[in-house]
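Visitor: sequence and computational prediction follow.
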Amino acid sequence: MRLDRRSLLLLAGGVLALQARAGVAAAVSERTLGDPAAKVTVVEWFSMTCPHCAAFHLQTLPELKKRYLDNGKVRLLVRDFPTDAVALKAHVLAHCAGPERYFAFVDALLQSQARWAGAKDPIAALKQMAKLGGLDDARIDACLADRTMEDEVLKMRLEAQQKYEVRSTPSFLIGGKVHAGNRSPDEFAKLLDPLLR
């Protein structure tokens, strides 16, 4: 089931209203790679079922880590932007793994994206992946039933749409401007290097 823009806005709008009334604490937050004191911060919005997002995380990001993140020049903030209901569940499971295992879960899910996202029963395939990652059945079921976590993921997406006009994944906020689509490390360098001078 795909979530269209109107449905997501209605869901997220209802979520925000409920949270404001109930005072629900944030169950989901952006994840960070790199030095918090880095001169440049890049924000990435991605969807777990997006092949271009998988390409960024598995092929481009390792080189960007070497060039910019590992040496403290750039910090990457990773934010959820699920493009369908299956992606929403995958984002929730990655957060359920905890901050210390979040990126390992993301990498594993993106590496096997074609297998679980294209499965006859993608949720069952996701559950199997989560079990391989060390989550037990009770934790997996509790996470997948946790509407508060889903709401927080949708809230992150809604903020991206409303505040930054993000429309596709992956998208990157670099130097105050949103850039849609994956790029080569050299193309990212053309955006990042002038900000590091």
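Guide: Perfect, I can see it now. Numbering: from 1, shown residues only.
Visitor: residue closest to the middle of the chain?
Guide: Taking CA atoms, centre = their mean as the criterion, residue 80 is the residue nearest the geometric centre of the chain, at 3.2 Å.
Visitor: give me phi/psi at that residue?
Guide: Dihedral angles phi and psi of residue 80 (degrees, to the nearest 10) take the values phi -80, psi 140.
Visitor: what's near enough to touch it?
Guide: Under the criterion of CB atoms under 8 Å, 6 or more residues apart in numbering, the contact list for residue 80 reads 28, 45, 46, 47, 91, 153, 156, 157. To be clear about C-beta, it is placed using only N, CA and C from the backbone, and glycine gets the same treatment.
Visitor: which among those residues count as buried?
Guide: Buried residues within the contacts of residue 80, defined by neighbour count using 16 or more other CB atoms under 10 Å: 28, 45, 46, 47, 91, 153, 156, 157.
Visitor: element containing the fifth one?
Guide: Using DSSP states H and E, the secondary-structure element containing residue 91 is helix 85-96.
Visitor: what's that helix in contact with?
Guide: Judged by CB under 8 Å, 6+ apart, the contacts made with helix 85-96 from elsewhere in the structure are 1-3, 27-28, 47-50, 80, 82, 102, 105-106, 109, 116-117, 122-123, 126, 129-130, 135, 139-140, 143-144, 146, 149-150, 153-154.
Visitor: wait, is residue 79 part of a strand?
Guide: Yes - secondary structure of residue 79 (DSSP: H, G, I helix; E, B strand; the rest coil): part of a strand.
Visitor: let's see which of the buried ones among the contacts of residue 80 end up in helices.
Guide: Using DSSP state H, the subset of the buried ones among the contacts of residue 80 located in helices is 91, 153, 156, 157.
Visitor: so for the third one, what's the pLDDT?
Guide: Confidence per residue is given as pLDDT, and for residue 156 that number is 95.
Visitor: just to revisit the earlier point, would you turn the ones in helices among the buried ones among the contacts of residue 80 into CSV with distance to residue 35?
Guide: Formatted as CSV, the entries for these read as follows, by distance: CB to CB, whole Å:
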residue, distance to residue 35
91, 25
153, 26
156, 23
157, 27
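Visitor: do a quick rundown of the strands in this structure.
Guide: Listed in chain order, the strands of the chain (DSSP state E) span residues 31-33, 40-46, 74-80, 171-174, 177-180.
Visitor: can you redo the ones you listed as TSV with mean pLDDT?
Guide: Formatted as TSV, the entries for those read as follows, by pLDDT from 0 to 100:
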stretch	mean pLDDT
strand 31-33	95
strand 40-46	98
strand 74-80	97
strand 171-174	98
strand 177-180	98
